[in-house]
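Asker: Just the structure for this:
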Amino acid sequence: MSREKAFLQMLESTAVIQWNVAMILEAKAVEAEKVKQWTQHHIHARSFESHEEQLKETLSIHEVIVEMVEGLTKLENGLYSNLKAVLGSGEEEGGGEGFSGGDGFDFGDLSK
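Answerer: Model prediction:
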């Protein structure tokens, strides 16, 4: 397999992963709306014996959301690394005017 075909396969795989991430985010948005509705009706001062218990419950909900965002950020950073490897910096070969992977595989001006 040529280098160009391997790069194209990496880009296609990245596109599929991004599509799946978009589907996950869409499902998470629906779930978040349900959680929001639930918390608005159940997380209030009358539901807890003390303010400390209410705070612990809300922090645990917040912690789950933060963990999800951190996981997605790590996934996106990994995808970024793969795309960076495919596209390169452009300085070594193209002299700053885009990236040319050889054999007519030209990405044009990447600064736009």
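Asker: rest of the way, CA atoms for contacts and neighbours
Answerer: Fine.
Asker: and the helix or strand where residue 8 lies, how far out from the chain's middle?
Answerer: Residue 8 is part of helix 3-42, with elements assigned from DSSP states H and E. Relative to the mean C-alpha coordinate of its chain, helix 3-42 is positioned 7 Å out (C-alpha atoms, centre = their mean, to the nearest Å).
Asker: Against which helices or strands is it packed?
Answerer: Counting contacts by 3 or more C-alpha pairs under 8 Å, 6 or more residues apart in numbering; DSSP states H and E, helix 3-42 packs against helix 51-87.
Asker: Can you give me the buried ones in the helix it packs on?
Answerer: Neighbour-count burial for helix 51-87 flags 54, 76, 79, 82, 86, 87 (criterion: 16 or more other C-alpha atoms under 10 Å).
Asker: ok now it, how far from the chain's centre?
Answerer: The answer for helix 51-87 is 9 Å, by C-alpha atoms, centre = their mean.
Asker: Now render the buried residues of helix 51-87 as TSV, adding distance to residue 12 and pLDDT.
Answerer: Listed next are these as TSV, based on distance: C-alpha to C-alpha, whole Å; pLDDT from 0 to 100:
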residue	distance to residue 12	pLDDT
54	46	82
76	15	84
79	12	82
82	12	78
86	12	76
87	14	78
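Asker: how would you label residue 49: helix, strand or coil?
Answerer: Here residue 49 is coil, with the state taken from DSSP: H, G, I helix; E, B strand; the rest coil.
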